[in-house]
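K.L.:
this one's sequence-less:
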């Protein structure tokens with residue numbers, strides 16, 4: 001059974017996440033206020049950020065940088081620009 005949340009990113013009611021994907025208070029906030037659709041959009045952006053900036057998730061500073069970008073993207077409406085990213089040509 002799916003649950004509905006008011007998604008702060010999409011600014012509308014949408015299917016909520018099935019479970020908390022991120023730890024701590026921020027994870028609870030994401031679970032309660034971010035939809036599956038918005039989370040999927042963040043995951044694509046996150047992958048681009050990791051690849052283009054060559055972030056190492058074992059590095060605490062890189063994890064903090066990624067978390068800051070996630071908060072800006074999901075809750076502050078900021079479009080995260082990935083410098084150097086070129087979409088694949090068709």
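P.N.:
Arrived safely, thanks for sending. Just so we're clear, the structure is a prediction, and the values are computed from it rather than from any experiment.

K.L.:
just to check, residue 57 is in contact with residue 49?
P.N.:
No: contact between residue 57 and residue 49 fails when scored by C-beta atoms under 8 Å: they sit 11.2 Å apart. Every residue, glycine included, has its C-beta placed from N, CA and C.

K.L.:
these two: who's more crowded?
P.N.:
A side-by-side neighbour count of residue 57 and residue 49, using other C-beta atoms under 10 Å, places residue 49 first with 22 against 9.

K.L.:
ok so, going back, identify the contacts common to residue 57 and residue 49.
P.N.:
With contacts defined as C-beta atoms under 8 Å, 6 or more residues apart in numbering, the residues shared by residue 57 and residue 49 are residue 66.

K.L.:
now this protein, which segments are flagged as low pLDDT?
P.N.:
Using pLDDT under 70 as the threshold, the predicted model of the chain has low-confidence ranges 1, 85, 87.

K.L.:
quick one: secondary structure of residue 73?
P.N.:
Assigned with DSSP: H, G, I helix; E, B strand; the rest coil, residue 73 falls in the helix class.

K.L.:
where's it relative to residue 58, distance?
P.N.:
As judged by C-beta to C-beta, to the nearest Å, residue 73 and residue 58 stand 22 Å apart.

K.L.:
between those two, point out the one with more neighbours.
P.N.:
Neighbours of residue 73 and residue 58, each counted by other C-beta under 10 Å, are more numerous for residue 73; the result is 19 against 7.

K.L.:
surely that one meets residue 42?
P.N.:
Yes: Residue 73 is in contact with residue 42 according to C-beta under 8 Å; the separation is 5.7 Å.
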